[in-house]
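1. Model the following, please.
(chains A and B)
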Amino acid sequence: QKEVEQNSGPLSVPEGAIASLNCTYSDRGSQSFFWYRQYSGKSPELIMSIYSNGDKEDGRFTAQLNKASQYVSLLIRDSQPSDSATYLCAVKKGGSTLGRLYFGRGTQLTVWP
Amino acid sequence: GAGVSQSPSNKVTEKGKDVELRCDPISGHTALYWYRQRLGQGLEFLIYFQGNSAPDKSGLPSDRFSAERTGESVSTLTIQRTQQEDSAVYLCASSLLPGADTQYFGPGTRLTVL
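-> Residues are numbered from 1 along each chain as shown, chains lettered A, B, ... in the order given. I've put the predicted structure just below:
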């Protein structure tokens, strides 16, 4: 079982729609959860972080965390073509592995005009 | 500097040759990370330098891979006797403190082993 798994893409939504990206993780001791955006040929860029159960909103982005279900999601409201990218879910565990991030394979999102 | 820098941006080498990749973290950042990203894959952790503590080398895939960092400055990742499966983008990231949440990524080095 992989540490972090993301729903298979690619995901294609029309401009203005809500894009929903999902991620599950295997280690219940995981402490911090992140969403990175990676444009083609570019390095990952942090867009959201979440640490406690519930929702966290930042502009058009909402991260949702459910530790009991070991599930984290990212919602993008009013999707724009500029949101087209690969979204990487990353998890930080505690203990001796503090610092390193475990990444999912990413979900490729395309927003069409 | 303004951000994490890496060099070279692209490296093409022949199978069996050694390569050295360089990472220059953000000034003042004590933690430095190396990741590998194969085509269409997520990021694979390689090694983590945390201040003056012993590095976490648990992600290095074989003894052909090694990395060094002097103090809180530049790091080099060395791959000896390169193989075709080493072809990937090698990404370096740094964070202000060990374990601090936000990791800032460099632009990466694209390594192609022929």
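
2. contacts, neighbours, all on C-alpha from now
-> Fine.

3. secondary structure element for the closest residue to A:Tyr71 other than its chain neighbours?
-> Leaving aside its chain neighbours, A:Tyr71 sits nearest to A:Thr24 (4.5 Å; criterion: CA to CA, 6 or more residues apart in numbering or on different chains). Using DSSP states H and E, A:Thr24 sits in strand A:19-25.

4. hmm, who's touching the next helix or strand after that strand?
-> Per DSSP H and E, the first helix or strand lying C-terminal to strand A:19-25 is strand A:32-38. The contact list for strand A:32-38 (CA atoms under 8 Å, 6 or more residues apart in numbering or on different chains) reads A:44-51, A:72, A:74, A:85-93, B:101.

5. Whichever of those end up buried, select them in PyMOL.
-> Restricted to buried positions by 16 or more other CA atoms under 10 Å in any protein chain shown, the PyMOL selection for the contacts of strand A:32-38 reads:
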select buried, (chain A and resi 44+45+46+48+49+50+72+74+85+86+87+88+89+90+91+92+93) or (chain B and resi 101)
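
6. Phi and psi next, for the residue nearest to the spatial centre of chain B.
-> Taking CA atoms, centre = their mean, the centroid of chain B lies closest to B:Trp34, which sits 3.3 Å from it. The phi and psi values for B:Trp34, taken as degrees, to the nearest 10, are phi -120, psi 130.

7. what bridges to it?
-> B:Ile47, B:Cys92 (DSSP bridges).

8. That one: what's it in contact with?
-> With CA under 8 Å, 6+ apart, B:Trp34 has these contacts: B:45-48, B:90-93.

9. how does it look with 10 Å?
-> Shown in contact with B:Trp34 (CA atoms under 10 Å, 6 or more residues apart in numbering or on different chains): A:100, B:23, B:43-49, B:57, B:59-60, B:67, B:75-77, B:90-94, B:105-106, B:108.

10. and what of A:Pro113?
-> Per CA under 10 Å, 6+ apart, neighbours of A:Pro113: A:13-16, A:79-81.

11. top of those residues by neighbour count?
-> The most neighbours of any of those, using other CA atoms under 10 Å in any protein chain shown, belong to A:Ser79, which has 22 neighbours.

12. how about that one, what does it touch?
-> A:13-19, A:60-61, A:110-113.

13. which secondary structure elements does the strand holding A:Thr24 contact?
-> strand A:4-6, strand A:11-14, strand A:32-38, strand A:61-66, strand A:71-76, strand A:85-92, strand A:107-112 (3 or more CA pairs under 10 Å, 6 or more residues apart in numbering or on different chains; DSSP states H and E).

14. and B:Val12, which of these is closest to it?
-> strand A:32-38 (23.4 Å; CA to CA).

15. Measure how that closest one sits relative to strand A:107-112, angle-wise.
-> Here strand A:32-38 runs at an angle of 50 degrees relative to strand A:107-112 (axes from the mean of the first three to the mean of the last three CA atoms, to 10 degrees).

16. residues in chain B within reach of chain A, list them.
-> Counting by CA under 10 Å from any CA of the partner chain, the residues of chain B close to chain A are B:31-35, B:37, B:40-50, B:56, B:58-59, B:89, B:91-93, B:95, B:97-108, B:110.

17. If we use 8 Å, what do you get?
-> By CA under 8 Å from any CA of the partner chain, the residues of chain B that approach chain A are B:33, B:40-45, B:48, B:56, B:91, B:98-108.

18. I'd like to know which of those are buried.
-> Among these, those buried by neighbour count (16+ other CA under 10 Å) are B:33, B:42-45, B:48, B:56, B:91, B:98-99, B:101-108.
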